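Trainee: just to be clear, the model below is a prediction. Sequence and coordinates:
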Amino acid sequence: MKDKWISVENRLPEFGKSILVYNKGVEHSSVRMAFMTSRGFYDAYECGCGIKLDNVTHWMPLPKPPEDK
């Protein structure tokens, strides 16, 4: 089953769990790895401290890692 984007208007992710988010920007939009807190969505990579993402419209769980063979 393919993962699908979930609108933040329909459901929010669990706090602290790594996810992918679609952040709709004015000049450009991006897909980022992020996490959610009680204060909103934060970028998971920016300096380890997280930068707040103000325009997240959709999110999805991270895909499963590849299997070693």
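Mentor: Ah, there it is.
Trainee: buried set for the helix or strand harbouring residue 41?
Mentor: Secondary structure here is read from DSSP states H and E; on that basis residue 41 sits in strand 40-43. By neighbour count, and taking 16 or more other Cβ atoms under 10 Å as the criterion, the buried residues in strand 40-43 are 41-43. C-betas here are computed from N, CA, C, even on glycine.
Trainee: out of these, which one sits closest to residue 61?
Mentor: residue 41 (14.4 Å; Cβ to Cβ).
Trainee: follow-up on the earlier one: show me what the strand holding residue 41 is packed against.
Mentor: The helices and strands touching strand 40-43, judged by 3 or more Cβ pairs under 8 Å, 6 or more residues apart in numbering; DSSP states H and E, are strand 30-37, strand 52-53, strand 56-61.
Trainee: redo the buried residues of strand 40-43 as TSV? Include distance to residue 19 and pLDDT.
Mentor: Listed next are the buried residues of strand 40-43 as TSV, based on distance: Cβ to Cβ, whole Å; pLDDT from 0 to 100:
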residue	distance to residue 19	pLDDT
41	9	93
42	11	92
43	11	89
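Trainee: who's in contact with the most centrally placed residue in the chain?
Mentor: What sits nearest the mean C-alpha location of the chain, by Cα atoms, centre = their mean, is residue 21, with 2.8 Å. Neighbouring residues of residue 21 by Cβ atoms under 8 Å, 6 or more residues apart in numbering: 31-34, 41, 53, 56, 58-59.
Trainee: next, give phi and psi for it.
Mentor: Backbone torsions of residue 21, given as degrees, to the nearest 10, read phi -130, psi 150.
Trainee: I'd like the numbering to begin with 50 instead of 1 from here.
Mentor: Renumbered: residue one is now 50, and that last one reads residue 70.
Trainee: need the pLDDT of it.
Mentor: You'll see residue 70 listed with a pLDDT of 95.
Trainee: any idea how far it lies from residue 63?
Mentor: Using Cβ to Cβ, to the nearest Å, we find residue 70 at a distance of 13 Å from residue 63.
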